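Engineer: structure of the sequence below:
(2 chains)
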Amino acid sequence: MLRLDVGLARPGFSLSVTHDIASSGVTAIFGPSGAGKSTLLRLIAGLERDAKGRIQFGDDIWQGPGRFTPPEARGVGYVFQDARLFQHLTVAGNLRFADQRARGLPGPGWDEAVEMLDLGPLLERRVPGLSGGERQRVAIGRALLSRPRLMLLDEPLAALDAARKADILPYLERLRALHALPILYVSHDLAELARLAEQVVVLVAGKVAATGPLAAVLADPALAGVLGARGAGAVLDVKLVRHHAADGLSEVAHPAGPLFVPLMAAPPGGMLRMRLAAEDVMLARTRPEAISALNILPATVTALVDAPDGVAVGLRIGPDAAQARITHRSARLLQLEPGAKIFAILKSVAIARTDVANDTKLDRSPAP
Amino acid sequence: MTLPDLAPLWLTLRLGLVVMVALLVLAMPLAWWLAHTKCRLKPLFEAITALPLVLPPTVLGFYLLIAFSPRAPFGGAFLRLTGETLTFSFTGLVLASMVYSLPFAVQPLQAAFEALGRAPLEAAACLRARPIDRFFTVALPLSLRGLLTAMVLSFAHTLGEFGVVLMVGGNIPGKTKVISIAIYEQVETIKLAEAHGASALMLVVSFVLLLAVYSVNRRFPQAGGA
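Structural biologist: Alright, predicted model coming up:
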């Protein structure tokens, strides 16, 4: 358990966070830029000496009245947005720098780290010749070889284009599979988080605005303003049932009904995680007939919240919380109110992740 | 042109080397502190460090001569501790040259440490490297250009020193008679052939030294993280 009760004041910015973070799995720190996400990570790593308050990790008090454990004694693996590899060393030299200073500590060995991140072909390369994606892989490997007790990843994909991001994500998933190592992952990209994180801490203007399981936070209509219509929505865990190759579709089973997604390569029987953005959900009072949309599920309205660009409608679809974003006019015409039975028309669903079965099942408790 | 007397040259080179090494030991922590301190007195220390750049060497030499005098607190304490006077001695020359060449060692190092920034050091700290470890394994290797510049400038500047030596060291053969003093004396006594020989030697030594440095310097990485 990482217990935080910290504050930091800077001209034009202040951070104040009192929150406990579970010491397993991936906890995402999400928020708009300038919210203090990176600052919070730096505070946890011990890189902000003028921070006030208390930080406790397990039984160790990293910071408290009259005490401050310097970063080198905390055992955090920090992956910076800009990688920060040492220019004067080769890739192997960078890895060795970490390895030599963490001899005898429990954690992944040299071979394991090199294999996990496919660093073998890069070992003799010099840092200036590496691509952005390669740098981040080396940075992750280097952090791992310092045998950290806690990994801090500060937007490791932010500097990469979409194709490079897709290249790195599988490595981050391998990192997540090291179950003993808790990870704090800063990002403002919800697609990334849906793929990696279980828990989310939403940070707005230096304060915790919401926290809880990813699915609950994303679906909470009260957070619509923070998350935006693209970000807010649902995360649904579904089972892949069968393929309809002729139609170019795969069928998945959700407790509220079958859903069709673009044809997938994965074999039937596996669990998938789908992401459903609020702006991709239409609402209807009666089940629409003769409509091109394939995915229509019965839903119950749970809440109506004013959002900057309309009304955020909280929904319950089977066991899952979801959200739709509609205009004020539509809300009035449909006479929506909590408890109303309606139909959700899903314009598009995105596959966030294909390996949910190996993972801890999402906690479905509602957001606080 | 006759073969020059080599004793002043050897003395000068020895002085340059001793001053360079001693200055590095002194300048590295000083430059590091100047590069990272948030102390309000930083400009004061920067001004003091840069003073030898603007002061006429005779002024510097005059004050040093006063401080080195066995009757002055500093010179007297040194005499009691070592049984040696600082005036008109090689040790005194070394100390005086260190003051004279201090900015040439501190400023390139400070610039290199400032260009380095905090990023690589923070990365090293998160990889369990302690402060001294970080300095020698990260900061210094990434500041090699600055280090080399500091070494060469403090060495070369000491070679070319004249006024301070004349004030503090005098002209004792084998002890304080460095090459610039020897050339001055040769010109004064109209031994122009010897002056030619010694001057040409200095010109060649200095040029070869600087050429070597600038050639090597190109191969070092510029400071900065990635």
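Engineer: can you check the pLDDT for B:Ala125?
Structural biologist: Note on B:Ala125: pLDDT of 96.
Engineer: check contacts around it.
Structural biologist: A:46-47, A:70-72, B:134 (Cβ atoms under 8 Å, 6 or more residues apart in numbering or on different chains). Glycine gets a C-beta too; all of them are placed from N, C-alpha and C.
Engineer: how close does A:Gly31 sit to A:Arg285?
Structural biologist: 36 Å (Cβ to Cβ, to the nearest Å).
Engineer: the two: which is more packed in?
Structural biologist: Counted by other Cβ atoms under 10 Å in any protein chain shown, A:Gly31 and A:Arg285 do not tie: A:Gly31 has more neighbours, with 26 against 13.
Engineer: show me what contacts that one?
Structural biologist: A:37, A:188, A:202-204, A:209, A:226.
Engineer: can you flag the buried ones in the contacts of B:Ala125?
Structural biologist: By neighbour count, with 16 or more other Cβ atoms under 10 Å in any protein chain shown, these hold A:46-47, A:71-72, B:134 as buried.
Engineer: can you tell me the helix or strand for the most centrally placed residue in chain B?
Structural biologist: By Cα atoms, centre = their mean, chain B has its centre lying nearest to B:Ser154, at 3.3 Å. B:Ser154 belongs to helix B:144-159 when elements are defined using DSSP states H and E.
Engineer: ok, longest helix in chain B?
Structural biologist: Ranked by number of residues, the top helix in chain B under DSSP state H is helix B:7-36.
Engineer: is that helix in proximity to chain A?
Structural biologist: No. Using Cβ under 8 Å from any Cβ of the partner chain, helix B:7-36 stays clear of chain A, coming no nearer than 12.3 Å.
Engineer: which other helices and strands contact the host helix or strand of B:Ala212?
Structural biologist: Here B:Ala212, judged by DSSP H and E, is contained in helix B:192-217. Helices and strands touching helix B:192-217, by 3 or more Cβ pairs under 8 Å, 6 or more residues apart in numbering or on different chains; DSSP states H and E, are helix B:7-36, helix B:144-159, helix B:179-188.
Engineer: what angle sits between it and helix B:179-188?
Structural biologist: Here the directions of helix B:192-217 and helix B:179-188 differ by 150 degrees (axes from the mean of the first three to the mean of the last three Cα atoms, to 10 degrees).
Engineer: helix B:192-217: which residues count as buried?
Structural biologist: So for helix B:192-217, counting by 16+ other Cβ under 10 Å, buried means B:194-199, B:201-202, B:205, B:213.
Engineer: could I get those as JSON lines with distance to B:Arg14?
Structural biologist: As requested, the buried residues of helix B:192-217 are arranged in JSON lines below (distance: Cβ to Cβ, whole Å):
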{"residue": "B:Glu194", "distance to B:Arg14": "21"}
{"residue": "B:Ala195", "distance to B:Arg14": "22"}
{"residue": "B:His196", "distance to B:Arg14": "24"}
{"residue": "B:Gly197", "distance to B:Arg14": "20"}
{"residue": "B:Ala198", "distance to B:Arg14": "16"}
{"residue": "B:Ser199", "distance to B:Arg14": "20"}
{"residue": "B:Leu201", "distance to B:Arg14": "15"}
{"residue": "B:Met202", "distance to B:Arg14": "15"}
{"residue": "B:Val205", "distance to B:Arg14": "13"}
{"residue": "B:Val213", "distance to B:Arg14": "20"}
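Engineer: tell me which of these is nearest to A:Ala194?
Structural biologist: B:Val213 (56.0 Å; Cβ to Cβ).
Engineer: can I get the buried ones among the contacts of B:Ala125 in a markdown table including secondary structure and pLDDT?
Structural biologist: Below are these laid out as a markdown table (DSSP: H, G, I helix; E, B strand; the rest coil; pLDDT from 0 to 100):
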| residue | secondary structure | pLDDT |
| --- | --- | --- |
| A:Gly46 | coil | 94 |
| A:Leu47 | coil | 94 |
| A:Pro71 | helix | 95 |
| A:Glu72 | helix | 94 |
| B:Arg134 | helix | 95 |
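Engineer: the residues you listed into a markdown table, with extra columns for distance to B:Arg80?
Structural biologist: As requested, those are arranged in a markdown table below (distance: Cβ to Cβ, whole Å):
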| residue | distance to B:Arg80 |
| --- | --- |
| A:Gly46 | 48 |
| A:Leu47 | 49 |
| A:Pro71 | 47 |
| A:Glu72 | 44 |
| B:Arg134 | 40 |
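Engineer: nearest to A:Phe13 among the residues you listed?
Structural biologist: Closest to A:Phe13, out of all of those and judged by Cβ to Cβ, is A:Leu47, at 15.9 Å.
Engineer: now that closest one, nearest residue through space, not along the chain?
Structural biologist: B:Glu122 (5.4 Å; Cβ to Cβ, 6 or more residues apart in numbering or on different chains).
Engineer: how about the one you found, phi and psi?
Structural biologist: Main-chain dihedrals, B:Glu122, degrees, to the nearest 10: phi -60, psi -40.
Engineer: for A:Ala139, which non-adjacent residue is closest in space?
Structural biologist: The nearest residue in space to A:Ala139 (Cβ to Cβ, 6+ apart) is A:Ala83, at 4.2 Å.
Engineer: what's the local residue count around the one you found?
Structural biologist: When neighbours are defined as other Cβ under 10 Å, A:Ala83 has 24 of them.
Engineer: surely it is in a strand?
Structural biologist: No. Under DSSP: H, G, I helix; E, B strand; the rest coil, A:Ala83 sits outside any strand and is assigned coil.
Engineer: ok, it - contacts?
Structural biologist: A:Ala83 touches A:132, A:135-136, A:138-139, B:226, counting by Cβ under 8 Å, 6+ apart.
Engineer: export the helix holding B:Ser154 to CSV, keeping only CA atoms.
Structural biologist: Taking C-alpha atoms only, helix B:144-159 is exported to CSV below (Å, rounded to 0.1, in the frame of the first residue of the first chain):
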residue,chain,number,x,y,z
LEU,B,144,34.1,15.9,-20.5
ARG,B,145,34.3,18.8,-22.9
GLY,B,146,34.0,21.3,-20.1
LEU,B,147,36.5,19.4,-18.1
LEU,B,148,39.0,19.2,-20.9
THR,B,149,38.6,22.9,-21.6
ALA,B,150,39.1,23.8,-18.0
MET,B,151,42.2,21.7,-17.8
VAL,B,152,43.8,23.2,-21.0
LEU,B,153,42.9,26.7,-20.2
SER,B,154,44.2,26.6,-16.7
PHE,B,155,47.4,25.0,-17.9
ALA,B,156,47.9,27.3,-20.8
HIS,B,157,47.0,30.4,-18.8
THR,B,158,49.5,29.5,-16.2
LEU,B,159,52.2,29.0,-18.9
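Engineer: and the average pLDDT for it is what?
Structural biologist: In the prediction, helix B:144-159 has an average pLDDT of 90.
Engineer: which element follows it toward the C-terminus?
Structural biologist: helix B:163-168.
Engineer: can you give me the strands in the stretch 251-368 of chain A?
Structural biologist: A:257-262, A:271-277, A:281-284, A:295-307, A:310-317, A:320-326, A:341-346, A:350-353 (DSSP state E, counting those that start in this stretch).
Engineer: run a quick neighbour tally on B:Val165.
Structural biologist: So B:Val165, with other Cβ under 10 Å, has 25 neighbours.
Engineer: surely it meets B:Ile181?
Structural biologist: Yes. Shown here, B:Val165 and B:Ile181 form a contact pair, counting by Cβ atoms under 8 Å, at 6.1 Å.
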